[in-house]
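# Build me a structure from this.
(chains A and B)
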Amino acid sequence: MAETRSFTHVCETLEARTGLDRLEVRGTVRLALKKAGLDAATVTLREMGVLVAKVLPAELRARGVDAPDSLCSELGTSLASLPQEQAARETPESVFDRLADTAR
Amino acid sequence: MYPIALVCFGIPAIVSLVVGVRLLALARRTRRFPEYALSAALLLLNAVGYPVMLAAVGLERLGQPGVALVFFFALSAMFAGVSMNYFFTWRVFRSDAPWALALCVVGTWLMLAPSGAIAAHVEMHGIDAGIQSAPVWCFTVIAAVLVTYAWTAVESLHYYLNSRRRLRLGLVEAPVCNRFFLWALASGAWFFCTALAAVVLVRGLNPLGDAFFTVSIGAGGLVNSVAMVLCFMPPQRYLAWLTRRAAAMHGA
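Down below sits the predicted model:
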């Protein structure tokens, strides 16, 4: 399945900065995504930023990673410097947001 | 029984008509496929299909010719409308899945192709007896209709459950999250009403003369109507309540 650049970036950074291997990192991030109702194939930069700030620290702590808060803070900063990804397609949220807006 | 039936069938038809017209107006502004598909689904079924079907019944009662032809047009319009529901679900929830597009094509084919056969039976036996004499075609159509409403309800419910998690993180607005639930509820109600119609067909009942059927389908239609109004024409007070509730629950 295709993965977004933000997902790949987070996984590669964690793999380099923690003792977790590739499979463990990807499993951890995918689990965090699932807990947030997100998906590796569609997660946006903004969503990944929120995930890194609010969900990922606890997941990393549970796996014995040192100083997960500062690591995630750095990850958030590096995510912000990534170029915006083109919206692959219209999301269900945007459609359902629009469908009730008949005043536009 | 007929006045009750009129209310039970009338309210959902009027609500669908109003929502369909509003969505069509939205589609003309945005030029987006989902609103075109959904407005076509609602209008072809309620603004075209039902009235033309009533016209076919009226022609038969009056002993006029052309019943089967009018009946065929009514069926075609109704099932073209339901097929738009398939394509709406595909485009909104599974636009990158080839199997979903294949399901849309097969579902549409299974609804439209038997319409001619059913109309031929109506030509030979009249509307009621014609439908009873074509059980295979009727069940093929009903199965295809049930699949689209079940699929829509499942996809929307699945998205609602995911959205609830996003809501906790402030990644989606409470009214949008709630809209997935309402659309699942509306589709579930349509599924329920279609399944009831299948039961009536199996048992050979007169739908307007059976109290259980009339009240049950009325309840399903009422649930569908309330869900549709709250989903696509939500009152400001309802939106404000959803936002307040989300803020209280998640501290947003």
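
# Can you list phi and psi of the residue of chain A found nearest chain B for me?
Residue of chain A nearest chain B, by CB to the nearest CB: residue A:37 (3.3 Å). C-betas here are computed from N, CA, C, even on glycine. Per-residue torsions, residue A:37: phi 70, psi 30 (degrees, to the nearest 10).

# who touches it in this structure?
Neighbouring residues of residue A:37 by CB atoms under 8 Å, 6 or more residues apart in numbering or on different chains: B:161-166, B:171.

# In these, which residue is surrounded by the most others?
Ranked by neighbour count (other CB atoms under 10 Å in any protein chain shown), the contacts of residue A:37 have residue B:163 at the top, with 25 neighbours.

# Help me confirm that that one comes into contact with residue B:177.
Yes: under the contact definition of CB atoms under 8 Å, residue B:163 touches residue B:177, with a separation of 4.0 Å.

# quick one: pLDDT of the residue positioned nearest the centre of chain A?
For chain A, residue A:48 is the residue whose C-alpha lies nearest the centre (CA atoms, centre = their mean; 2.9 Å). According to the prediction, residue A:48 has pLDDT 93.

# same check, this time on residue A:89
Turning to residue A:89, the model gives it a pLDDT of 72.

# quick one, what contacts it?
For residue A:89, the contacting residues are B:95-96, taking CB under 8 Å, 6+ apart as the criterion.

# secondary structure class for it?
Using DSSP: H, G, I helix; E, B strand; the rest coil, the secondary structure recorded for residue A:89 is coil.

# Please report how far the nearest residue to residue B:24 once chain neighbours are set aside lies from residue B:33.
Spatial nearest neighbour of residue B:24, chain neighbours left out: residue B:39 (3.9 Å); criterion: CB to CB, 6 or more residues apart in numbering or on different chains. Taking CB to CB, to the nearest Å as the measure, residue B:39 and residue B:33 are separated by 11 Å.

# Mind checking which of the contacts of residue A:37 are in helices?
With helices identified by DSSP state H, the entries of the contacts of residue A:37 that belong to them are B:161-166.

# And the furthest pair within the residues you listed?
Within those, two members stand farthest from each other by CB to CB: B:161 and B:166, at 10.3 Å.

# I figured residue B:103 hits residue B:83, correct?
No: with contacts defined as CB under 8 Å, residue B:103 does not count as touching residue B:83, sitting 11.2 Å away.

# more neighbours, those two?
Under the criterion of other CB under 10 Å, the comparison of residue B:103 against residue B:83 puts residue B:83 first, with 25 against 19.

# got a list of what residue B:37 touches?
Neighbouring residues of residue B:37 by CB under 8 Å, 6+ apart: B:84-85, B:87-88, B:91.

# Just the ones of the residues you listed in helices?
Restricting the contacts of residue B:37 to those inside helices, with DSSP H as the criterion, leaves B:84-85, B:87-88, B:91.

# got the CA positions of stretch A:83-98 in PDB?
Output for stretch A:83-98, consisting of C-alpha atoms alone and laid out as PDB, is shown next (Å, rounded to 0.1, in the frame of the first residue of the first chain):
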ATOM      1  CA  PRO A  83       6.900  20.600   1.400                       C
ATOM      2  CA  GLN A  84       3.200  20.300   1.400                       C
ATOM      3  CA  GLU A  85       1.900  17.200  -0.300                       C
ATOM      4  CA  GLN A  86      -0.600  17.500  -3.100                       C
ATOM      5  CA  ALA A  87      -4.000  16.400  -2.000                       C
ATOM      6  CA  ALA A  88      -4.300  12.900  -3.600                       C
ATOM      7  CA  ARG A  89      -8.100  13.100  -3.600                       C
ATOM      8  CA  GLU A  90     -11.100  14.600  -2.000                       C
ATOM      9  CA  THR A  91     -11.600  13.300   1.500                       C
ATOM     10  CA  PRO A  92     -14.900  12.000   2.800                       C
ATOM     11  CA  GLU A  93     -14.700  14.800   5.500                       C
ATOM     12  CA  SER A  94     -14.500  17.500   2.900                       C
ATOM     13  CA  VAL A  95     -17.400  16.000   0.900                       C
ATOM     14  CA  PHE A  96     -19.600  15.700   4.000                       C
ATOM     15  CA  ASP A  97     -18.600  19.200   5.200                       C
ATOM     16  CA  ARG A  98     -19.700  20.600   1.800                       C
END
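
# list the contacts for residue B:109?
Per CB under 8 Å, 6+ apart, neighbours of residue B:109: none.

# ah, wrong one, I meant residue B:94
Residues near residue B:94 by CB under 8 Å, 6+ apart: B:100, B:155.

# and the gap between it and residue B:155?
The separation that residue B:94 has from residue B:155, given CB to CB, amounts to 7 Å.

# now residue B:15
Applying CB to CB, the value for residue B:15 to residue B:155 is 22 Å.

# Give me the spatial nearest neighbour of residue B:7, chain neighbours excluded.
Distance criterion CB to CB, 6+ apart; nearest residue to residue B:7, sequence neighbours excluded, is residue B:218 at 7.0 Å.

# for residue B:41, same thing?
The shortest distance from residue B:41 to any residue that is not its chain neighbour, by CB to CB, 6+ apart, is 3.8 Å, and that residue is residue B:84.
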